[in-house]
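Novice: Give the three-dimensional model of this entry:
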Amino acid sequence: MIDVRAAVYAGVAAGIVSTLAPIALWLIFYDAFPAILFRDARLTAAIVMGRGVLAPPTTFDLPVMLVATLVHFALSMLYGLILSWLMSRLATPLSTIVGAAFGLILYAANMYGFTVVFPWFEAARDWITLASHLVFGVVAALVYKALSRRRGVHAHDAGG
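Specialist: Numbers count the residues shown, from 1 in each chain. Sure, this is the predicted structure:
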């Protein structure tokens, strides 16, 4: 049985870190920030708001940012729950590997599977998006293990 609260917190923490990671990478490697952040927010908000929010310009739009944030964190919590279920009984080192694999699978599902329904996500297929999904999985795994251990849910994981 998983610690649901720890899983949700792990998803939120991973959602925050996996948002900050690409921002840092965009700032280092590209001269497209913040436009690329606004583009990605529009891609995400379009899941709920429809294709109309995809039209240029890719500038700040409060309703788009709010919807994108809600979608991002709802999915982050869901993915945190799924990952926690997959690795709840594993030791921390193995959980970290499973988290990384989960992040890679999540990237493939989001950027190649879901594009059947939401084709506009093809624009976000790049190494930075891949890296942010990898970061998501690792952070979610580590935070879940730390929180669930602190709450005593997985006391048998003392060796990890």
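Novice: Count the neighbours of Trp127 for me.
Specialist: A count of nearby residues for Trp127, using other C-beta atoms under 10 Å, gives 9. To be clear about C-beta, it is placed using only N, CA and C from the backbone, and glycine gets the same treatment.
Novice: now Leu62
Specialist: As a burial measure, Leu62 scores 7 neighbours (other C-beta under 10 Å).
Novice: how much space is there between it and Gly152?
Specialist: For Leu62, the distance to Gly152 equals 42 Å [C-beta to C-beta, to the nearest Å].
Novice: swap in Ile47?
Specialist: In terms of C-beta to C-beta, Ile47 sits 37 Å off from Gly152.
Novice: The two: who's more crowded?
Specialist: Counted by other C-beta under 10 Å, Ile47 and Gly152 do not tie: Ile47 has more neighbours, with 18 against 8.
Novice: Show me what the stretch of helix or strand Ala131 belongs to packs onto, helices and strands only.
Specialist: Using DSSP states H and E, Ala131 sits in helix 127-150. Counting contacts by 3 or more C-beta pairs under 8 Å, 6 or more residues apart in numbering; DSSP states H and E, helix 127-150 packs against helix 4-29, helix 62-87, helix 92-108.
Novice: Swap in 10 Å and give it another go.
Specialist: If you count contacts as 3 or more C-beta pairs under 10 Å, 6 or more residues apart in numbering; DSSP states H and E, helix 127-150 packs onto helix 4-29, helix 35-49, helix 62-87, helix 92-108.
Novice: So which bits of the shortest one are buried?
Specialist: In this case it means helix 35-49. Buried residues in helix 35-49, counted by 16 or more other C-beta atoms under 10 Å: 36-47, 49.
Novice: can you list those residues in TSV and add pLDDT?
Specialist: Output for the buried residues of helix 35-49, formatted as TSV (pLDDT from 0 to 100):
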residue	pLDDT
Ile36	94
Leu37	95
Phe38	96
Arg39	96
Asp40	96
Ala41	97
Arg42	97
Leu43	97
Thr44	98
Ala45	98
Ala46	98
Ile47	98
Met49	98
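Novice: Now render these as a markdown table, adding distance to Phe114.
Specialist: Output for these, formatted as a markdown table (distance: C-beta to C-beta, whole Å):
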| residue | distance to Phe114 |
| --- | --- |
| Ile36 | 20 |
| Leu37 | 20 |
| Phe38 | 21 |
| Arg39 | 17 |
| Asp40 | 14 |
| Ala41 | 17 |
| Arg42 | 16 |
| Leu43 | 11 |
| Thr44 | 11 |
| Ala45 | 15 |
| Ala46 | 12 |
| Ile47 | 9 |
| Met49 | 16 |
